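Participant: Predicted model and sequence below, questions to follow.
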Amino acid sequence: MKGKAALKTGGLIALWIVVALFLLFPFYYAVVSSFREGSAIFEASLWPANPTFANYEAVMTDQPFAKNILNSLIVAFSVVVLSLGLATFASYAFGRAKFKGRRLLLYTILGVSMFPQVAVLSGLFEIVRLFGLYNNLLSLVFSYMIFTLPFTVWVLTSFVRDLPVEIEEAAIMDGASSWTIVTKVFLPLLAPALVTTGLLAFIAAWNEFLFALSFTLTNEQRTVPVAIALISGASQYELPWGNIMAASVIVTVPLIVLVLFFQKKLVAGLTAGAVKG
Amino acid sequence: MSCVRLEGIAKRFGSTQVIRGVDLDIQSGEFVVFVGASGSGKSTLLRMIAGLEQPSEGRVFIGDSDVTDAPPSERGVSMVFQSYALYPHMTVRENIAFGLKLKKTGKAAIEEAVTRVATMLEIEALLDRKPGQLSGGQRQRVAIARAIVREPQVFLFDEPLSNLDAALRTRTRIEIKELHRKLAATMIYVTHDQVEAMSLADRMVILNGGRIEQVGPPSVLYHQPATKYVAAFLGSPTMNFVSPSVVGDAGGAESVGIRPEDMRVAGAAGAESGLSGTIEEVEELGETRILHVKLNTGDIIAVRDRSLDDPNIGQVVSVAFDETAVHRFDAKGARI
């Protein structure tokens, strides 16, 4: 009996090791490769023979990569703040207020996210040009909300629906205005959901490639994914793998830090509503 | 002095009529309980006094003013909810102070008010905890404290005890009664529990299908029910309704009722009154015993009587009742 249990635990551990290797090894190899220089990058070993920061230096000096990171941060944070702000008020309306066409509106919002990016690209391009936002970060903030808003609105709406109506009524009896109810009562209660959806919106905006490639022209306005894709070598026959790996590591680290930092709230947000507290 | 007055209140949700023309006068300092089966409209009526629902017709007066169109916070009412509805992210202190803060009350005044009600409800030790760390009974007290601190003209309670266990419910019931006496405030209380209603109420309002069946002190409603509905609603086990022939002189009544405690059984059959029956079931409750008897007229009745030494199922008994305890109702269910 004891042997059986040990075997079961051992099997589970082995399984998790395999899963972890499968998930983490590519990233590990990217990190290792980023510390290799020149032809060393094509050596198949698990540890760099002569670790060097040359690739990192090259990435930062050969192109305005710091500016690209800043661009990505500006765009991603703006998208998160705007999406959460709009979605909070929208979800209060969708979750609580009764008005004609509520369902239709909710499904329209969901419908927006069903079009593939390529399908809306040319139309969006015209709109971006019309507003004079071409090669401007605002065009990215605007276009990213197309895919962040539908899911933030939907997730938050289902959260608001799960909040007991009596809490809201108690606040009304206490003399709270709609604004106070949203900011003082709903926002704190929605915190786990806000963290979860905010983080997902951040990741989506941080990694987006197609719109960023299409709506920006100059290196100074590019975001990180585009910048990395366009890193070029000395000649057209050389792909600077070392630089690309270094750049990839630089942009992945913030995401990992964010997820680890919000880990607890993230899990709470993902599972909230499943079990009554 | 009249404190709350309802005039011709009606409420429709879409095509469903929930309240049908309710007029009610509640005196200052009175403890009034709305009681009725689920769907009788008692909660809706309370919510219209609170201002959480708008009546489709009629006016609501609180004090001297017409508050029909006033928002809840300007009516001078506060409410205790069934689920307590405390703000989960705030401490007990913040929960109690929230309403005062919104009214821009000074910090010192808030502190003083919170301390005063916390002392009154014996929750001083809990002030810095969050609702999640409290038991059901403690949450209940916080909810009541939050209602008291605003010093309203009228307290509204929406089934506040139904989430508590039986022992705690009985105790809290008495505490609410004491609170009413201490504050000398007008209280309106909704419950579906008739025992709770009778023990708390100065006056009870029995609602049925959105109409008031009867209003009055518990003892009047119990002993002189105006309608058959009220007679059947109050009392446990419910009143026995028997065919008029059981009572000697029915007086033109369509149905007659006798409460189980107004009936007696005797062991020997063939008794002088001629009314007899067979015991079908025995419920032993300790302080009393309830016998379910099938009469020779075909009616099945409950008798609350423990005078028989050892009642057996199938035993034939004679049944007697006090003639003055008979309630007579006409075809429409009104008392004769």
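Facilitator: Yes, it's here. Note that this is a predicted model, so its numbers are computed, not measured. Numbering: from 1, shown residues only, chains lettered A, B, ... in the order given.
Participant: Within the helices and strands, which one has the residue in the stretch 201-336 of chain B that chain A sits nearest to?
Facilitator: In the stretch 201-336 of chain B, the residue that lies nearest chain A is B:L207 (21.1 Å; Cβ to the nearest Cβ). Heads up, the C-betas are built off the backbone N, CA and C, glycines and all. In the assignment (DSSP states H and E), B:L207 maps to strand B:203-208.
Participant: The helix or strand following that strand: which residues count as buried?
Facilitator: Toward the C-terminal end, the helix or strand that comes next after strand B:203-208 (DSSP H and E) is strand B:211-216. Going by neighbour count (16 or more other Cβ atoms under 10 Å in any protein chain shown), the buried part of strand B:211-216 is B:I212, B:E213, B:Q214, B:V215, B:G216.
Participant: Stretch A:120-138 now?
Facilitator: Those would be A:V120, A:L121, A:L124, A:F125, A:V128, A:L133, A:N136, A:L137, for stretch A:120-138 by 16+ other Cβ under 10 Å.
Participant: Report how far apart the opening and closing residues of that stretch are.
Facilitator: 17 Å (Cα to Cα, to the nearest Å).
Participant: who touches that stretch?
Facilitator: The contact list for stretch A:120-138 (Cβ atoms under 8 Å, 6 or more residues apart in numbering or on different chains) reads A:71, A:74-75, A:78, A:139, A:142-143, A:146, A:210-211, A:214-218, A:221.
Participant: can we see that at 7 Å?
Facilitator: Identification of contacts with stretch A:120-138 by Cβ atoms under 7 Å, 6 or more residues apart in numbering or on different chains yields A:71, A:74-75, A:139, A:142-143, A:210, A:214-218, A:221.
Participant: same check, this time on stretch A:53-66
Facilitator: With Cβ under 7 Å, 6+ apart, stretch A:53-66 has contacts from A:S34, A:E37, A:N219, A:E220, A:A227, A:I231, A:G242, A:N243, A:M245, A:A246, A:A247.
Participant: Spell out which residues of the stretch 51-200 of chain B are next to chain A.
Facilitator: B:52, B:72-73, B:78-79, B:81, B:83, B:85, B:87-89, B:98-99, B:102-103 (Cβ under 7 Å from any Cβ of the partner chain).
Participant: Could you pull up the contacting residues of the residue in the stretch 51-200 of chain B positioned nearest to chain A?
Facilitator: Per Cβ to the nearest Cβ, B:S73 is where the stretch 51-200 of chain B lies closest to chain A, at 3.2 Å. Neighbour list for B:S73: A:M173, A:D174, A:G175 [criterion: Cβ under 7 Å, 6+ apart].
Participant: Could you tell me the model confidence score at it?
Facilitator: Here the pLDDT value assigned to B:S73 is 90.
Participant: The one 3 residues further on now?
Facilitator: B:G76 carries a pLDDT value of 90.
Participant: Pretty sure it sits against B:P152.
Facilitator: Yes: with contact defined as Cβ atoms under 7 Å, B:G76 reaches B:P152; the gap is 5.2 Å.
Participant: In terms of packing, which of these two has more residues around it?
Facilitator: Neighbour count, other Cβ atoms under 10 Å in any protein chain shown: between B:G76 and B:P152, B:P152 has more, with 20 against 17.
Participant: If you count contacts, what does the lengthiest helix in chain A end up packed against?
Facilitator: Counting by DSSP state H, the longest helix found in chain A is helix A:2-34. Helix A:2-34 is packed against helix A:241-261, with contacts defined by 3 or more Cβ pairs under 7 Å, 6 or more residues apart in numbering or on different chains; DSSP states H and E.
Participant: any idea how far the helix it packs on is from the chain center?
Facilitator: On the basis of Cα atoms, centre = their mean, to the nearest Å, helix A:241-261 sits 13 Å off its chain's mean C-alpha point.
Participant: hmm, back to that, looking at the contacts of stretch A:120-138, which are in helices?
Facilitator: A:N71, A:I74, A:V75, A:S139, A:F142, A:S143, A:L210, A:S214, A:F215.
Participant: Okay, now the unreliable bits of the chain?
Facilitator: Just so you know, I chose chain A. A:1-2, A:234-235, A:266-277 (pLDDT under 70).
Participant: that answer is for a different chain, and I need it for chain B
Facilitator: B:1-2, B:250, B:268-274.
Participant: for it, what spans make up the helices?
Facilitator: Under DSSP H, chain B gives helices at B:42-50, B:92-102, B:107-120, B:136-148, B:166-183, B:194-200, B:218-223, B:228-233.
Participant: again with the stretch 101-250 of chain A
Facilitator: A:102-112, A:117-130, A:137-162, A:165-173, A:178-180, A:187-207, A:210-215, A:224-229, A:241-261 (DSSP state H, counting those that start in this stretch).
Participant: Get me the contact residues on chain A for chain B.
Facilitator: A:164, A:166-167, A:169-170, A:172-176, A:180, A:185, A:188-189.
Participant: the domain parsing of chain A - what is it?
Facilitator: Chain A breaks down into these domains under automatic domain parsing: A:1-52, A:61-271.
Participant: still on that earlier bit, of the contacts of B:S73 - the most surrounded one?
Facilitator: A:M173 (28 neighbours).
Participant: Thought B:G76 was touching that one, still the case?
Facilitator: No: taking contacts as Cβ under 7 Å, A:M173 lies outside contact range of B:G76: 11.1 Å.
Participant: At the geometric centre of chain B, which residue do we find?
Facilitator: B:A197 (2.8 Å; Cα atoms, centre = their mean).
Participant: quick one: it and B:V80, what's the gap?
Facilitator: 16 Å (Cβ to Cβ, to the nearest Å).
Participant: follow-up on the earlier one: what angle do helix B:42-50 and the strand holding B:L207 make with each other?
Facilitator: In terms of direction (axes from the mean of the first three to the mean of the last three Cα atoms, to 10 degrees), strand B:203-208 departs from helix B:42-50 by 120 degrees.
Participant: tally of neighbours for the closest residue to B:V22 other than its chain neighbours?
Facilitator: Spatial nearest neighbour of B:V22, chain neighbours left out: B:I9 (4.5 Å); criterion: Cβ to Cβ, 6 or more residues apart in numbering or on different chains. Neighbour count of B:I9, defined by other Cβ under 10 Å: 24.
Participant: B:I9 and B:P55 touch, don't they?
Facilitator: Yes: in this structure B:I9 lies within contact range of B:P55 using Cβ under 7 Å: 4.9 Å.
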